[in-house]
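Q: Okay, structure incoming, though there's no sequence with it:
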């Protein structure tokens, strides 16, 4: 009985902490987005100099595809003719830790399904 209690307690801690860590990723990604100065060209729901985040999310479709772009494993899908403008930023993103890149992707995908202005 004592072991059952320990196992249940451990599982409870895991499951109750899981949503918190998942919810924290977009917030960490937003901070990183600002730190990298992505806000100079990108906005969540409107085009500034670069495409809106919701446009990027719609084009890539899955977090894995966007993560692949951030890792340098795929070519740009959105405005590929302007890829040179992202070259320096993309190098910085490639140098990030895996969890940091993932938090950026999570931040982008937090705008999935956002309505157009």
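A: That came through fine. Quick caveat: nothing in here was measured; it's all calculated off a predicted structure. Numbering: from 1, shown residues only.
Q: Tell me, how many residues neighbour the nearest residue to residue 76 once chain neighbours are set aside?
A: Closest residue to residue 76 apart from its sequence neighbours, by CB to CB, 6 or more residues apart in numbering: residue 83 at 4.7 Å. C-beta: built from backbone N, CA, C; applies to glycine. Residue 83 sits with 12 neighbouring residues when counted by other CB atoms under 10 Å.
Q: what residue lies at the spatial centre of the chain?
A: residue 105 (1.4 Å; CA atoms, centre = their mean).
Q: which residues touch that one?
A: By CB atoms under 8 Å, 6 or more residues apart in numbering, the contact set of residue 105 is 29, 63, 66-67, 70.
Q: Of those, just say which sits nearest to residue 78.
A: Minimum distance to residue 78 across those is 9.9 Å, recorded for residue 66 (CB to CB).
Q: Next secondary structure element downstream of the strand or helix carrying that closest one?
A: Per DSSP states H and E, residue 66 falls inside helix 63-71. The first helix or strand that comes after helix 63-71 along the chain, using DSSP H and E, is helix 87-95.
Q: So for the helix or strand following that following helix, mean pLDDT?
A: Per DSSP H and E, the first helix or strand lying C-terminal to helix 87-95 is helix 98-109. Mean per-residue pLDDT for helix 98-109: 96.
Q: Check stretch 38-45 too.
A: For stretch 38-45, the mean per-residue pLDDT is 94.
Q: What residues sit buried inside it?
A: Across stretch 38-45, burial judged by 16 or more other CB atoms under 10 Å covers 38, 42-44.
Q: can you list these in CSV and add secondary structure?
A: Below are those laid out as CSV (DSSP: H, G, I helix; E, B strand; the rest coil):
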residue, secondary structure
38, helix
42, strand
43, coil
44, coil
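Q: Of those, which is the nearest to residue 57?
A: Nearest to residue 57, judged by CB to CB, of the buried residues of stretch 38-45 is residue 44 at 9.7 Å.
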